[in-house]
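**Q** Show me the folded form of this:
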Amino acid sequence: MVPFPRAVTLAILALSLASSVANAQTGDSMGGRTYALAHCTECHNVGAGRQQGPIRPGEAPDFAAVANARTTTALGLEVFLTTPHAKMPNFMIAEADRQNVAAYILSLRTKSGAPR
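**A** Numbering: from 1, shown residues only. You can find the predicted model right below:
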């Protein structure tokens, strides 16, 4: 049997994770598109007719390729956007913007891509 304080802590963590997953799946894809066009096009092809920025091709993945990767999920995208990466600038993205960008990337998924 789990002690009461530990059980409460586990329940709170589970609810928090469920809330985060629900929010990631309900982000505003148009808001994410707007954010991506303003902040991501220097390095990424974000779709919407914008071409990849000045870096060497292949270093910053195309958003449509990310969307169609079998392992891509809304939660995974949000976690990625909160984790520092060597080749990605270290900047803070607000939670709503992360959810929106994740929703936008997932909106680029083709029918032959990974299931949502």
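
**Q** Every contact and neighbour count from this point should use C-alpha atoms.
**A** Fine.

**Q** How about D28: what's its closest non-neighbour residue?
**A** Of all residues not flanking D28 in the chain, N100 sits nearest, at 4.7 Å (CA to CA, 6 or more residues apart in numbering).

**Q** pLDDT wise, what is the one you found at?
**A** pLDDT for N100: 95.

**Q** Need phi/psi at it.
**A** phi -70, psi -40 (degrees, to the nearest 10).

**Q** And for T110?
**A** phi -90, psi 170.

**Q** so how far is S107 from the spatially closest residue to it that is not a sequence neighbour?
**A** Spatial nearest neighbour of T110, chain neighbours left out: N68 (6.8 Å); criterion: CA to CA, 6+ apart. For N68, the distance to S107 (CA to CA, to the nearest Å) stands at 10 Å.

**Q** Comparing these two, which shows the higher neighbour count?
**A** N68 (22 against 19; other CA atoms under 10 Å).

**Q** can you pull the buried residues of stretch 92-105?
**A** E95, D97, R98, Q99, N100, V101, A102, A103, Y104, I105 (16 or more other CA atoms under 10 Å).

**Q** Tell me the one of those residues nearest L77?
**A** Using CA to CA, A102 comes nearest to L77 of the buried residues of stretch 92-105, at 5.7 Å.

**Q** do you know how far that closest one is from G31?
**A** 10 Å.

**Q** Helix or strand next in line after the least confident helix or strand in the chain by mean pLDDT, which one?
**A** When the helices and strands of the chain are compared on mean pLDDT, DSSP states H and E, helix 4-25 comes out lowest with a mean of 54. Downstream of helix 4-25, the first helix or strand assigned by DSSP states H and E is helix 29-39.
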